[in-house]
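Trainee: how would this look folded up:
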Amino acid sequence: MAAKPRTRELVLLVMILGAYAVSLGRTIDHGYVWDDVPEIETNASFDRPLAEGIRLTQVERGASELAQLGSLRFGYDSYRPLLYASYWADIALWGRSPGPMHRTNVLLGGLAIVLAYLVSRRWLGATTALVPTAVFALHPIQIETVAYLSARGDLLAGLFALAATYAALRGVDAITRRRAIGWAVVASASFAASLLSKEAYVALPLAIAAIAATRPGGRARWRITAALAAVAIAYLPVRAAMLDVHSRPPYGDALVAFPGAVLDYLRSVIFPFDLSIERQPRTGALVGWSGVVLVSAMAIWLVRRVRAGTRLPPWAQTTIAGLAWLLALLGPSIVVVHTMNVVADRYLYVPLLGLAVAATAAGARLANQRPRWARPLGAVAILWSSITLFVAWRQVPVWRDVSTLYRHAVEMAPGSSRAQYRVAVLELQTGNWELAVPRLERAIELDPRNVEALNNLGVYLLRQARYPEAEAMLRRAVDANPARFNAWNNLGLAQLGQGKRDAGCASIARALEINQGYEPARRDHARACTRSRSSLGGGDAGERSE
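Mentor: Below you'll find the model as predicted:
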């Protein structure tokens, strides 16, 4: 008799995987988008031997010519050798075609779904494990992680983090010490692989500790979480030794913004109607921290109940553990959310599973305790599922090519300066300045320090021989980012166009000081500053923004 429910469960899992394959399988004919072009399609680092390439940091791999410039300091860098190896293997087997890479992403996403099911089954039990599995597999906020090739770091890190969690739970539940040690070794190795794919889930030991605290297992629970914590601690000096980053991320500001960002993600899960690569934070710090006060009051009430000898019921423990999983795994990414001012979908990839588990446990308890509510809750769940599946089906084609992605972003986030700039770049690539200029002006209006838009609008004014206006615009660009060498060169051309030879040559020289190998500046300096008569170029738009 026990075999039939298990068979039914596996059939439902296969149906979930089938729905995922039908939906995300459409990406196999998609092209390179967004960062995929510089990161993968045109990236010469993948022509190196694997043993040499895995030593590269992200900046060295994606912008090798800039990484060599001692005058530049990058605010962020990372070391992700397993991610590099994954791309390298795809290219070695299939070449630079995006199709096979998309197939790899779809396959990795399917494996992650199976692991999410195994984790949910250990966490919740067989009865309800398929609910969070379905949310993890089919929610539209998960599409970016699979459809966007440059998000493979999140995909691999999530896959290995789920493997580490499953192994850790098996170790906690192991009957013998030998088995517990074996599963602890598997969990530690999987966690290390997650960190070497992307460091997003460095707080996984805290998330697993929250689950382990709800289970029997004595000291074995804490031995396994301690082993994972040791992996995280060992990883930090390795990462520091590989990187050369001199600026410090704004951890304090990110902490202030954290509650609001969590609420933004919760809203996007419940109402996933504005998903885009430029979805901006909406919830302010005041509202976010008001939520923290409310949650803290509830936590104090729970602690008092526990101290009074009242043990929390299993559903409450599971709900709390699920929310702890969400917060622990989402936390490190909030620094990037705050810095880039974008609530990126891919940062919720694995954290979403904890939220789904918490909602499932709480919903099941409510339905069992209030039978009259079971049907209304079921109806709401069916309606919400139908809507999210429809949104997911519509969301996949957004990632087909650069044009569909960028135009969707500006439609969903018209107040985003970057979104306006990206569509302007599309027009610039076709030489359509008449359509590009209003987009550039709008981007600058939304963000007066958008250096890419300032520079490109300055180039347009240069080409119109409106030199005083071009100089003013390009001066704003170099003030916004003094390391922007193409803007310095363009500023020099605008100054030379007005007969300001000394100032113009000084600006071009500044561009060469930042980047001695910048060919347009070398050319313009040779033409205008080493000869008596100048021959001005048309400026360098510098259209790469990613």
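
Trainee: domains in this protein, as residue ranges please.
Mentor: Here the domain parsing of the chain from automatic domain parsing is 3-399, 414-528.

Trainee: do you know which of these lies nearest H408?
Mentor: Taking Cβ to Cβ, domain 3-399 is the member of the domains of the chain nearest to H408, at 4.6 Å. C-beta coordinates here come from the backbone N, C-alpha and C atoms, glycine included.

Trainee: low-confidence ranges in the protein?
Mentor: 1-3, 62-77, 217-220, 244-249, 299, 302-310, 531-546 (pLDDT under 70).

Trainee: show me what the longest helix seen in it is packed up against.
Mentor: The helix that spans the most residues within the chain, counting by DSSP state H, is helix 98-124. On a contact count with 3 or more Cβ pairs under 8 Å, 6 or more residues apart in numbering; DSSP states H and E, helix 98-124 meets helix 3-24, helix 81-94, helix 130-138, helix 143-147, helix 152-173, helix 314-330, helix 351-369.

Trainee: got JSON lines for those helices, with distance to G288 and mean neighbour count too?
Mentor: Formatted as JSON lines, the helices and strands packed on helix 98-124 follow (distance: least, Cβ to Cβ, whole Å; neighbours: other Cβ atoms under 10 Å):
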{"stretch": "helix 3-24", "distance to G288": "32", "mean neighbour count": "14"}
{"stretch": "helix 81-94", "distance to G288": "32", "mean neighbour count": "18"}
{"stretch": "helix 130-138", "distance to G288": "24", "mean neighbour count": "24"}
{"stretch": "helix 143-147", "distance to G288": "23", "mean neighbour count": "26"}
{"stretch": "helix 152-173", "distance to G288": "24", "mean neighbour count": "26"}
{"stretch": "helix 314-330", "distance to G288": "12", "mean neighbour count": "22"}
{"stretch": "helix 351-369", "distance to G288": "17", "mean neighbour count": "21"}
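
Trainee: would you turn those into a markdown table with distance to A241?
Mentor: Shown next, in a markdown table, are the helices and strands packed on helix 98-124 (distance: least, Cβ to Cβ, whole Å):
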| stretch | distance to A241 |
| --- | --- |
| helix 3-24 | 37 |
| helix 81-94 | 13 |
| helix 130-138 | 35 |
| helix 143-147 | 29 |
| helix 152-173 | 20 |
| helix 314-330 | 25 |
| helix 351-369 | 29 |
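
Trainee: out of the ones you listed, which comes closest to A472?
Mentor: Nearest to A472 among those is helix 143-147 (38.4 Å), distances taken as Cβ to Cβ.

Trainee: so which residues make contact with whatever helix or strand L493 lives in?
Mentor: Element membership of L493, judged by DSSP states H and E, is helix 485-497. With contacts defined as Cβ atoms under 8 Å, 6 or more residues apart in numbering, helix 485-497 is touched by 451, 454-455, 458-459, 461-462, 465, 467-468, 470-471, 474-475, 477-478, 481, 503-508, 510-512, 514-515, 518, 520-521, 524, 528, 534, 536-537, 539-540, 542.

Trainee: still on that earlier bit, tell me which of the domains of the chain is the most buried.
Mentor: Highest mean neighbour count of the domains of the chain: domain 414-528, a mean of 20 (counted as mean count of other Cβ atoms under 10 Å).

Trainee: residues contacting I40?
Mentor: Counted by Cβ under 8 Å, 6+ apart, I40 has contacts Y32, F46, Y87, I91, R96, M101, L149, S150.

Trainee: just put these in TSV and tack on distance to S416.
Mentor: Formatted as TSV, the contacts of I40 follow (distance: Cβ to Cβ, whole Å):
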residue	distance to S416
Y32	22
F46	31
Y87	29
I91	32
R96	30
M101	27
L149	22
S150	19
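
Trainee: of those residues, which is the nearest to T7?
Mentor: Nearest to T7 among the contacts of I40, counting by Cβ to Cβ, is M101 at 35.3 Å.

Trainee: next structured bit after the helix holding L493?
Mentor: Once helix 485-497 ends, the next helix or strand along the chain (criterion: DSSP H and E) is helix 501-514.

Trainee: which residues touch that next one?
Mentor: 69, 71-72, 483, 485-486, 488-489, 491-497, 518, 521-522, 524-525, 528-529, 534.

Trainee: do stretch 225-242 as well
Mentor: Taking Cβ under 8 Å, 6+ apart as the rule, stretch 225-242 contacts 55, 57, 78-79, 164, 168, 184, 187-188, 191-192, 195-196, 199, 202-205, 208-209, 212.

Trainee: now do the same end-to-end measure for stretch 330-347.
Mentor: With Cα to Cα, to the nearest Å as the measure, stretch 330-347 spans 7 Å from end to end.

Trainee: outside of that stretch, which residues touch it?
Mentor: With Cβ under 8 Å, 6+ apart, stretch 330-347 has contacts from 75-76, 141-145, 148, 151, 154, 199-203, 249-251, 253-254, 257-258, 261-262, 264-265, 268, 275, 277-281, 348, 351, 418.

Trainee: so how far is stretch 498-510 off the chain centroid?
Mentor: Stretch 498-510 sits 41 Å away from the centroid of its parent chain (Cα atoms, centre = their mean, to the nearest Å).

Trainee: alpha carbons of it, as PDB, please.
Mentor: In PDB, the C-alpha atoms belonging to stretch 498-510 read as follows (Å, rounded to 0.1, in the frame of the first residue of the first chain):
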ATOM      1  CA  GLN A 498      36.400  75.200 -29.800                       C
ATOM      2  CA  GLY A 499      40.100  76.000 -30.400                       C
ATOM      3  CA  LYS A 500      41.000  75.100 -26.800                       C
ATOM      4  CA  ARG A 501      44.100  73.200 -27.800                       C
ATOM      5  CA  ASP A 502      45.900  73.100 -24.400                       C
ATOM      6  CA  ALA A 503      42.700  72.000 -22.500                       C
ATOM      7  CA  GLY A 504      41.800  69.500 -25.200                       C
ATOM      8  CA  CYS A 505      45.200  67.900 -25.400                       C
ATOM      9  CA  ALA A 506      45.300  67.700 -21.600                       C
ATOM     10  CA  SER A 507      41.900  65.900 -21.600                       C
ATOM     11  CA  ILE A 508      43.100  63.400 -24.200                       C
ATOM     12  CA  ALA A 509      46.300  62.900 -22.300                       C
ATOM     13  CA  ARG A 510      44.200  62.100 -19.200                       C
END
